[in-house]
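> need coordinates for the following:
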Amino acid sequence: MSIRVFFLPSIWVIALGLAGCSATSSGPSRLVEAQPALRLSSESATPLPARWWQLYLDPQLDALVERALRHNKNLEAAAAHVDALLARLEQVDGERWPSTSLDYGLAYGRSRDDQTLAQAIYQPADGQWSHSPEISLSYTLDLWGEVRYRIAAARADAEAARALEDELRVTVAAQTARAYAQACVYGMRAQVQAHSVQLLEQSVEITGKLQKAGVATDLDKVRLKSLLEETRAPLPMFAAKQKSALYELAVLSGLPSRQVATHSCTHGPQLRAPLPVGDGWALLQRRADIRRAERQLQSATLSIGVARAELYPRITFGAMLGSSASSLGKLGGSDAMVYSIGPLVSWRFPNRQIAQSRIKQHQAQARQALAQFDGTVLTALKQVEQALALYQGEQQRRQALEAALRNSRQAHTLASRSYRAGALGALQLLDSERNLVSLQASLTQADLRLINRQIDVFQALGGGWQRNEKTIADLGATP
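Next comes the predicted model:
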């Protein structure tokens, strides 16, 4: 399969322009409204599915990835962080509404007024019960948009955390697929190596018979035994690497290592269809790291509006209803009722220098977030280019190794027949067997590299993880 990457000349300018739109707007980014500028073409233009690991048609891999996405501890921590930010968003959103309080005090004693009255009439002041019920309401007028900006910034922070969780999900799915592929390939490589050992054992046995007949020498037999032991030596490490991959799967899936079985895995997972890449421009909408950088840029930009609102006065509308009755029976009387209503204007002055410095700080942070967004977009495009180029190169190398292995097997078969007939020396047979063993090992290792390159492509394309952001987007008002 051949894969080609095409860029329009203005791709870098457009990518930077998208970030500029986000920095100058307090609302949502214009990223999803941009015209396509990147095209990826291959034998399959099928869009990347939401669960790309299902393309391997391996039920065991599907079960491991789905379990990892449900029980991975890092994902649980990320989800808890998102919940905390959602709760903070609800808290900030509550500032749009009036706050009320209900107070009731009961005390026994005498006040200064009672004491003053008693002195005026030359009578002692007696202690008495006093009641002080009060209902108050206050509402801050959001004239300068401070509350609206804070709500939008909190929502952007929550969406950035959700995008980070999605990014971690893509990583966990990729790590699980890699660990599963390693466990399968090392098991398969152990089988191939064991088969090579059997072939060499047969060659040593044949050489022993030819030695007794005077056709082969001790040197021929020693050389074959040396190659036999050299071929047998990697077997323990293959088993160890397979166990290591199983331990990795256990941690990712939240399972004991003994419960992660790969007995039915006889070969590495293989794609049953051409690699789907779809429209490459969609990766800018799909990649979680780009969404996260975009939301961070939006939050940093909105923080400027929050800081700028400190330059203006704060107007709070308040109302209070209470009673000055001295007994419970008089609480409802109109003559004891007290109330107040009106605005309260507070101006944070003369700390304007502090407010101006905060505005400059947030402006600098917004420029930093803009640069980070630009870098994230460019890095995403670079990763896609690199992943596709390396995958294509790895695929071509494996095809060459597969062709070389077919020729090596034919050569080994001919060499074995000629050696048994006495028409070929032991040294030529040794070279043939060493080449066969080496190519078999190289091909199985190429299988693992090819699978890893495929996973790199899926991960670079964003993993296809899509989530419904409606629950976050509907909270709070957009400024």
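
> going by C-alpha atoms from here, please, whenever you check contacts or count neighbours.
OK.

> which intervals of the stretch 351-479 of the chain have sub-threshold pLDDT?
For the stretch 351-479 of the chain, the stretches with pLDDT under 70 are 351, 463-479.

> tell me, what residue is most central in this structure?
Most central in the chain under C-alpha atoms, centre = their mean is residue 167, positioned 1.6 Å from the mean C-alpha point.

> would you confirm that that one contacts residue 290?
No: when contacts are counted by C-alpha atoms under 8 Å, residue 167 is not listed as touching residue 290 (9.6 Å).

> ok, for the residue nearest to the centre of the chain, nearest residue in space, not its chain neighbours?
Setting aside the residues directly before and after it, residue 167 is nearest to residue 288 in space (C-alpha to C-alpha, 6 or more residues apart in numbering), at 5.0 Å.

> now do the contacts for residue 243.
Under the criterion of C-alpha atoms under 8 Å, 6 or more residues apart in numbering, the contact partners of residue 243 comprise residue 183.

> look up phi and psi at it.
Main-chain torsions, residue 243, degrees, to the nearest 10: phi -60, psi -40.

> quick one, grab the pLDDT at it.
The per-residue pLDDT reported for residue 243 equals 86.

> and the gap between it and residue 63?
19 Å (C-alpha to C-alpha, to the nearest Å).

> now do residue 299
Taking C-alpha to C-alpha, one finds residue 299 at 38 Å from residue 63.

> the two: which is more packed in?
Between residue 299 and residue 63, residue 299 has the larger neighbour count (other C-alpha atoms under 10 Å), namely 29 against 12.

> so what secondary structure elements neighbour the host helix or strand of residue 372?
Using DSSP states H and E, the secondary-structure element containing residue 372 is helix 352-420. The contact analysis (3 or more C-alpha pairs under 8 Å, 6 or more residues apart in numbering; DSSP states H and E) places helix 352-420 against helix 11-24, helix 288-308, helix 426-460.

> now that helix: how far from the chain's centre is it?
17 Å (C-alpha atoms, centre = their mean, to the nearest Å).

> compute the inter-axis angle for that helix and helix 426-460.
Between the axis of helix 352-420 and that of helix 426-460 there is an angle of 150 degrees, by axes from the mean of the first three to the mean of the last three C-alpha atoms, to 10 degrees.

> follow-up on the earlier one: deepest-packed of the helices and strands packed on helix 352-420, please.
With neighbours defined as mean count of other C-alpha atoms under 10 Å, the helices and strands packed on helix 352-420 peak in mean count at helix 288-308, which reaches a mean of 26.

> next SSE after that helix?
If you walk from helix 288-308 toward the C-terminus, the next helix or strand you reach (DSSP H and E) is strand 314-323.

> direction included, what does that following strand pair up with?
The pairing partners recorded for strand 314-323 under DSSP bridges are strand 128-141 (antiparallel), strand 337-346 (antiparallel).

> that one: how far from the chain's middle?
On the basis of C-alpha atoms, centre = their mean, strand 314-323 sits 48 Å off its chain's mean C-alpha point.

> also stretch 437-444?
Remark: stretch 437-444 is offset 35 Å from the chain centroid, using C-alpha atoms, centre = their mean.

> which residues does it contact?
Counting contacts by C-alpha under 8 Å, 6+ apart, the residues touching stretch 437-444 from outside are 185, 188-189, 192-193, 196, 231, 398, 401-402, 404-405, 408.

> rerun at 7 Å
Applying C-alpha atoms under 7 Å, 6 or more residues apart in numbering, the contact partners of stretch 437-444 are 185, 189, 196, 398, 401-402, 405.

> swap in stretch 287-299?
Residues external to stretch 287-299 that are found in contact with it (C-alpha under 7 Å, 6+ apart): 22-23, 26, 153, 156-157, 159-160, 163-164, 166-167, 284, 366, 369-370, 372-373, 376-377, 461-462.

> go again using 6 Å as the cut-off
The set of residues external to stretch 287-299 that reach it, using C-alpha atoms under 6 Å, 6 or more residues apart in numbering, is 153, 156, 160, 163, 167, 369-370, 373, 462.

> distance of residue 411 from residue 193?
When distances are taken as C-alpha to C-alpha, residue 411 and residue 193 turn out to be 19 Å apart.

> before we move on, back to that, which of the strands paired with strand 314-323 comes out lowest on mean pLDDT?
strand 337-346 (a mean of 70).

> could you check the angle the helix or strand the residue nearest to the centre of the chain falls within makes with helix 426-460?
Of the helices and strands defined by DSSP H and E, residue 167 is found in helix 146-212. Interaxial angle of helix 146-212 relative to helix 426-460 (the same axes, to 10 degrees): 170 degrees.

> who's in contact with the helix or strand that helix 146-212 is followed by?
The first helix or strand that comes after helix 146-212 along the chain, using DSSP H and E, is helix 218-232. For helix 218-232, the external contacting residues (C-alpha under 6 Å, 6+ apart) are 200, 207, 426.

> quick check: buried residues in helix 218-232?
Within helix 218-232, the residues that qualify as buried by neighbour count (16 or more other C-alpha atoms under 10 Å) are 220-221, 224-225, 227-228, 231-232.

> just stretch 60-67 next, same as before
Residues 61-62, 64-67 are the ones in stretch 60-67 that count as buried (16+ other C-alpha under 10 Å).

> which of the three states applies to residue 269?
The three-state label for residue 269, taken from DSSP: H, G, I helix; E, B strand; the rest coil, comes out as coil.

> list the contacts for the residue lying closest to it once chain neighbours are set aside?
Sequence neighbours aside, residue 56 is the residue nearest to residue 269 in space, at 5.9 Å (criterion: C-alpha to C-alpha, 6+ apart). Residues in contact with residue 56 (C-alpha under 6 Å, 6+ apart) are 269-271.

> quick check: PyMOL command selecting the buried ones in those.
Buried subset of those, written as a PyMOL selection, criterion 16+ other C-alpha under 10 Å:
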select buried, resi 269
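
> need the contacts of residue 56 in CSV with pLDDT, can you?
Converted to CSV, these look like this (pLDDT from 0 to 100):
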residue, pLDDT
269, 84
270, 82
271, 81
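
> just the pLDDT for the residue in the chain sticking out farthest from the centre.
Distance from the C-alpha centroid of the chain peaks at residue 122, with 81.1 Å (C-alpha atoms, centre = their mean). The predicted local confidence for residue 122 comes out at a pLDDT of 72.

> ok so it is a strand residue?
No: Residue 122 sits outside any strand when classified using three-state DSSP, being coil.

> where's residue 422, which helix or strand?
Secondary-structure assignment from DSSP H and E places residue 422 in no helical or strand segment.

> distance of it from residue 429?
Spatial separation of residue 422 from residue 429 under the definition C-alpha to C-alpha is 11 Å.

> who wins for proximity to residue 101 among the helices and strands packed on helix 352-420?
The stretch from these with the least distance to residue 101 (C-alpha to C-alpha) is helix 288-308; that distance is 26.8 Å.
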